[in-house]
Each structure stands twice: as C-alpha cells, then as structure tokens.
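Colleague: My questions concern the predicted model and sequence given below.
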Amino acid sequence: MKGNNFNNHCPHPRILVAPLDWGLGHATRCIPIIKAFIQLNCEVFVVADKNTFSLLKKEFPSLVFLRYKGYEIEYSRNKRFFATKLLLQTPHIIFSIWKEHIWLSRTINEQKIDAVISDNRFGMYSKKILSIYITHQLHIKTGNRFSEFISKKIHFYFLKKFSKCWVPDNEKDGLAGDLSHPQNLPKNVIYIGPLSRFHSLPGLETIYDLLITISGPEPQRSIFENKILKQLKNFSGKTLLVRGLPSENINLLQSTDSLKIVNHLSEIELNKSILQSKMIIGRCGYTTVMDLSALGKKAILVPTPGQTEQEYLSKYLFEKKYFYTVDENTFSIEDALKKTSLFEFKMVDIYSEAYKKTIKEFVLSLKSGNFVSQ
C-alpha cells in the first residue's frame, strides 16, 4: 500500500505518535515504542493533552509535543448505566474523530511528518503517509451479540483505513485471549508481541508489602481510590499507593509511617517500586497486564465496573491462573490477600522485545522510501 509521500527517502524519519486519552494505559504502552523510534534515529512528535501530555512529557522532556485534545470520554458512576453513558457520547466521539483527521492532514504538511502511529485514535490516519494503528482489542466485548457485531463492523471500517494494524500480543497463546484473536482478521493485522516499558532489575530488596496503582478515567478512578483508602485504615502492612495523577503537582493526601501516597511515579521509579513489592493491586487494563507479566509479578486485578474489556480479561486471566482477579463490588484487601496466599499463580511466558523487530523493519522501509509488507 503506497501513498503520495511513500517514495521519499527519509534519513531521519519524522514519526507522529498519538495515544488515546482513555486512561493512561495507551500512553504508557507507547513509551517503549517511542524509545524504539528514538534509538533508530527518528524524530518523534507526540500528540497529547492533559494527563497523557503530563505523563509523556515527564518521560520525554526533549521531544516535540503537539497539544491536541483527545476524545475526553466520561464514565458512569454506576455500572448499570455504563453502556448508556458511552452511547450518549457517540455523536461527540464521531465529531472528534472527524476533527482529528482534519488536524492530522494539516499537521503532516506543517511538520513534514513521514508516518503516524495511532494508539486507538480512529482519525489519525492519512493516505499521504504511512499510518499505523495499534490495538489489542480486535474483538470488542459488549455482552450482546448484536452490539458486538455492529462494534466490530465500525472498528474494522476504521482499522482498514490504516496501512497496518499492530497488535501488541502473541499470535498464539495470546495474553489478551479472544480480544486480540477474533475469528476473522483484516489483512493488514500484524502481531508484534506484548509491549512493556519495564524490565528486570536484579538484586532489589523487598520494601513494600503492597503496591497499589489507581488508574482510569473519572469518576471511576476516584471511586476506587476512596474504597482503597478506607480499607487501608485497617491494613498494617507497608503500602505504596500510586494515584495515577501525573498532572497533579501537590498531593493533598497525607502519607503515614505505613502508607506512602504519591500522585505519580516516573517509569524508572515505578519499575523499581513494583519489583520491591510483595503484591500488586491494580486495574485489569491490558497495559497493566503486559507490564506485570514482563516483570513476572503476582497481582490482584480489579476490573473497572462496566468496562467489558476489563471484565473479560479478568475472567480470562483468572482461569489461566496468570493473576488473581476480583470484582470491585466484592473487593476486600484483607480477603483478597488471604485468597492469593492459596492461589497457584502460573507465570506468564512472554517475550517483550519482539516488537522491536517490527519497528526496525518499519523504519528501514521509511529510510529506503519503499514500504514493504511486514
């Protein structure tokens, strides 16, 4: 597949990376991708806003950032109204997709962009340049056959507008189960292997009994945080709570001798802290799953209520015994820790560097001016 600019030789390709703003997972899983492009002497531009902007700006202060708002999707406070809340936002999402597509066309000309990497942003594609779409969710779970069929049609309609679709999972024995392995695949899909910004750091001593990461869009982030804080009053172990608020400079929550509370940790700090903790508690987002799998850490994962993707992952990972999972409405720190002491965890066998080969081939094709099927 070729576009107007594909035959140009690019000694230092200009890559635009655009993660979705639906929680921080899309941004954090772009970190290893951005690093890979930098190592291959590419000029990287990042499109982000709000928390996504703050997180990636702290990790890559020297990169060029283009502020552009995301879809700004809001969750319902009640699981029962989750689907309805999303449905009501559909016109806004469609308008946002149209606007970002127009914005991208203008930006390609202004910044002389050679390729765009879109993590789940439907409008970030162009016929002028190579456009890569990243998603692990080829099969959208809704709990209803008809709505799943419609969702798939819409998703694949946009997916096919991109040059390639990179799926961050293994082609066989996938970490995302059915989500990344539908019965019928579009021809432009490539499995690039799981992504993770983390790596092993031998020789670290255990400091924390518990590390808790809070993430996701509001109001569910705050609801989960408040539930956690109430339960921690009766927990005597040493705990580190990471609130998932990279934009917040002042922490209004007070730490104690047994509980340390931070708004955000850098990639290096969080990597180290996870390895220094006996047990992890977090949401069942796919990026969290990939990161914990790469480090071989045991964890208790709590899916966001109403988010069908996480609810499916929760059941799948529990059945595989990769992680202990529990619904938020029945979640108890004390009870979960007791049950995990008897849970037979099975370590996930993944190779988290496979994606680098795909990116290297992609960059070589850009530099040569001849994009090839990978």
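Modeller: Arrived safely, thanks for sending.

Colleague: contacts and neighbour counts: CA atoms only from here.
Modeller: Fine.

Colleague: Show me which helix or strand of this protein is least confident by mean pLDDT.
Modeller: helix 82-88 (a mean of 62; mean pLDDT, DSSP states H and E).

Colleague: State the next helix or strand along the chain beyond it.
Modeller: helix 90-111 (DSSP states H and E).

Colleague: buried ones in that next one?
Modeller: 93, 96, 97, 100, 101, 104, 105, 108 (16 or more other C-alpha atoms under 10 Å).

Colleague: swap in stretch 182-199?
Modeller: 188, 189, 190, 191, 192, 193, 194, 195, 196, 197, 198, 199.

Colleague: Stretch 209-219 too?
Modeller: 209, 210, 211, 212, 213, 214, 215, 216, 217, 218.

Colleague: Between the two ends of that stretch, how far is it?
Modeller: Taking C-alpha to C-alpha, to the nearest Å, stretch 209-219 runs 28 Å from one end to the other.

Colleague: hmm, back to that, using JSON lines, lay out the buried residues of stretch 209-219 together with distance to residue 159.
Modeller: JSON lines is the format used below for those (distance: C-alpha to C-alpha, whole Å):
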{"residue": "209", "distance to residue 159": "43"}
{"residue": "210", "distance to residue 159": "39"}
{"residue": "211", "distance to residue 159": "37"}
{"residue": "212", "distance to residue 159": "34"}
{"residue": "213", "distance to residue 159": "31"}
{"residue": "214", "distance to residue 159": "30"}
{"residue": "215", "distance to residue 159": "27"}
{"residue": "216", "distance to residue 159": "24"}
{"residue": "217", "distance to residue 159": "24"}
{"residue": "218", "distance to residue 159": "27"}
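
Colleague: All the helices of the chain, residue numbers only.
Modeller: Along the chain, the stretches classed as helices by DSSP state H are 25-28, 31-39, 50-59, 82-88, 90-111, 145-159, 220-232, 267-275, 286-295, 308-320, 333-340, 355-368.

Colleague: how about these, which one is nearest residue 138?
Modeller: Across those, residue 138 has its closest neighbour in helix 145-159 (7.6 Å, C-alpha to C-alpha).

Colleague: how distant is that closest one from the center of its chain?
Modeller: Remark: helix 145-159 is offset 21 Å from the chain centroid, using C-alpha atoms, centre = their mean, to the nearest Å.

Colleague: So what touches stretch 343-350?
Modeller: With contact meaning C-alpha atoms under 8 Å, 6 or more residues apart in numbering, stretch 343-350 is reached by 194, 293, 294, 296, 298, 320, 321, 322, 323, 324.

Colleague: Mind checking which of those residues are buried?
Modeller: Of those, these count as buried by 16+ other C-alpha under 10 Å: 194, 293, 294, 296, 298, 321, 322, 323, 324.

Colleague: Who are the contact partners of the last one?
Modeller: The one in question is residue 324. 299, 300, 301, 317, 318, 340, 343, 345.

Colleague: do that again at 7 Å, thanks
Modeller: 299, 300, 301, 318, 340 (C-alpha atoms under 7 Å, 6 or more residues apart in numbering).

Colleague: just to revisit the earlier point, is it possible to get the buried residues of stretch 182-199 out as TSV so that each row also shows pLDDT and distance to residue 130?
Modeller: As requested, the buried residues of stretch 182-199 are exported to TSV (pLDDT from 0 to 100; distance: C-alpha to C-alpha, whole Å):
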residue	pLDDT	distance to residue 130
188	95	12
189	96	14
190	96	15
191	96	18
192	96	17
193	94	21
194	94	22
195	94	21
196	94	24
197	94	25
198	94	28
199	92	30
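
Colleague: for those residues, which one is nearest residue 38?
Modeller: residue 197 (14.2 Å).

Colleague: correct me, but that closest one touches residue 34?
Modeller: No. Assessed by C-alpha atoms under 7 Å, residue 197 is found out of contact with residue 34, at 10.2 Å.

Colleague: For stretch 127-145, what does the pLDDT average out to?
Modeller: Throughout stretch 127-145, pLDDT has a mean value of 90.

Colleague: in stretch 235-253, what's buried?
Modeller: For stretch 235-253, by 16+ other C-alpha under 10 Å, it's 238, 239, 240, 241, 242, 243, 244, 245, 246.
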